[in-house]
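A.B. asks: Just the structure for this:
(one chain, ligands or ions: 2)
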Amino acid sequence: MIYTDWHIHSEASYDATLTLKEIAEGAKQRGYVNFGITDHVNYNDDKFLGDMKRSVDSVKEFQKECPEIILGVELTPIPKPTFDYVAKTGTREGFTLPESAKPYDIELAQTKEQLKAFGVRYAVCAAHARLDVTNPKEAPLDRDAYIKEWYRQQMWLASDERTTILGHPWWTSKNVWYDDFSVIPHSMNTDIAAVLKENKKYVECNEYFFRSDKTTDKFRHQYAEFLRELHETGIPVTYGSDSHRIFLNHDITVEYLTAAGFKDGDIVAVEPQDLW
Ligand SMILES: [Zn+2]
Ligand SMILES: [Zn+2]
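C.D. replies: Ligands and ions are numbered 1, 2, ... in the order given. Presented below is the predicted three-dimensional model:
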């Protein structure tokens, strides 16, 4: 059912160690027809742009021996005031986010034109952290606040021109709905689906949800059903192992997808005409 992987981190990501050679060997073992490298670009500062340059240079070099490899990127929403400060000063040093009564406006580290100039062909864009509070680490673990904020970011990403694939919808490092996915209002998912569809976006089936020890069996079944509904709405579903340190295998994920009614051919690659 899974013959392609659109979300893999190489050692150019600050939190990953996989070499392109290891990734290519893993992909070959699984019989993948193609696969994408999506290193992190969180901020528009020297550190992240340096990582991106390393990612770009190494992938372009590796393509000479492995043409199946595709250059992508993973983009993380950041508060607009932080983006603006770095754009002006070139560094995040010395910056403190001004307090705000309402959620911060959202920005991504690079424009589509800047990404294309790097040779990037597509972007996996995904919510990672709260942008509705000044200090997320000190904010109480309020489930409803998380749901509201993830909804806001995912709706924003679903229409942004940089999003090729909406990455790991409803992923969070906090265990706020990993026991029961139904705490997220169904209407939010139909809203997100409508915007994804209108803007011809892909959605990701991310390995994490079916593998993490934080998610329950009940949640995994519900999550596979959620993906199934998106698929039935006509939104193409891609697969992302989101591998960082070892190349993850997709066997458990396929079991849950099969139980939810997914068939061979339902998990797809990004079409050539949808690449930049
Ligand atoms: Zn991510
Ligand atoms: Zn990732």
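
A.B. asks: Near ligand 2, which residues of this structure are found?
C.D. replies: Residues of the chain lying near ligand 2 by C-beta under 5 Å from the ion: 74, 242. Bear in mind the C-beta positions are built from the backbone N, C-alpha and C, glycine included.

A.B. asks: what are the ranges of the strands in the chain?
C.D. replies: 4-8, 34-41, 69-75, 78-79, 106-107, 122-125, 165-166, 202-206, 237-240 (DSSP state E).

A.B. asks: Mind giving me the packing neighbours of the fourth one?
C.D. replies: With contacts taken as 3 or more C-beta pairs under 8 Å, 6 or more residues apart in numbering; DSSP states H and E, strand 78-79 sits against strand 106-107.

A.B. asks: Need the contact partners of the strand it packs on.
C.D. replies: For strand 106-107, contacts defined as C-beta atoms under 8 Å, 6 or more residues apart in numbering pick out 77-80, 82-84, 131, 153, 156.

A.B. asks: Tell me the buried residues within the residues you listed.
C.D. replies: Burial by neighbour count, 16 or more other C-beta atoms under 10 Å: within the contacts of strand 106-107 this picks out 77-79, 82-83, 131, 153, 156.

A.B. asks: Which members of the contacts of strand 106-107 occur in helices, if any?
C.D. replies: 80, 82-84, 153, 156 (DSSP state H).

A.B. asks: closest to residue 179 among these?
C.D. replies: Proximity of the ones in helices among the contacts of strand 106-107 to residue 179 (C-beta to C-beta) peaks at residue 153, which lies at 22.0 Å.

A.B. asks: and the nearest residue to that closest one once chain neighbours are set aside, how many neighbours?
C.D. replies: Nearest residue to residue 153, sequence neighbours excluded (C-beta to C-beta, 6 or more residues apart in numbering): residue 127, at 4.0 Å. Applying other C-beta atoms under 10 Å, we find 25 other residues in the vicinity of residue 127.

A.B. asks: quick one: contacts for the residue in the stretch 1-150 of the chain positioned nearest to ligand 2?
C.D. replies: With C-beta to the ion, the shortest gap between the stretch 1-150 of the chain and ligand 2 falls at residue 74, namely 4.7 Å. Counting by C-beta under 8 Å, 6+ apart, residue 74 touches 7, 9, 38-41, 123-126, 167.

A.B. asks: any chance of those residues in TSV, plus distance to residue 91, neighbour count and pLDDT?
C.D. replies: Listed next are these as TSV, based on distance: C-beta to C-beta, whole Å; neighbours: other C-beta atoms under 10 Å; pLDDT from 0 to 100:
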residue	distance to residue 91	neighbour count	pLDDT
7	29	26	98
9	24	23	98
38	25	29	98
39	21	26	98
40	18	21	98
41	16	25	97
123	24	25	98
124	26	26	98
125	24	25	98
126	25	26	98
167	27	28	98
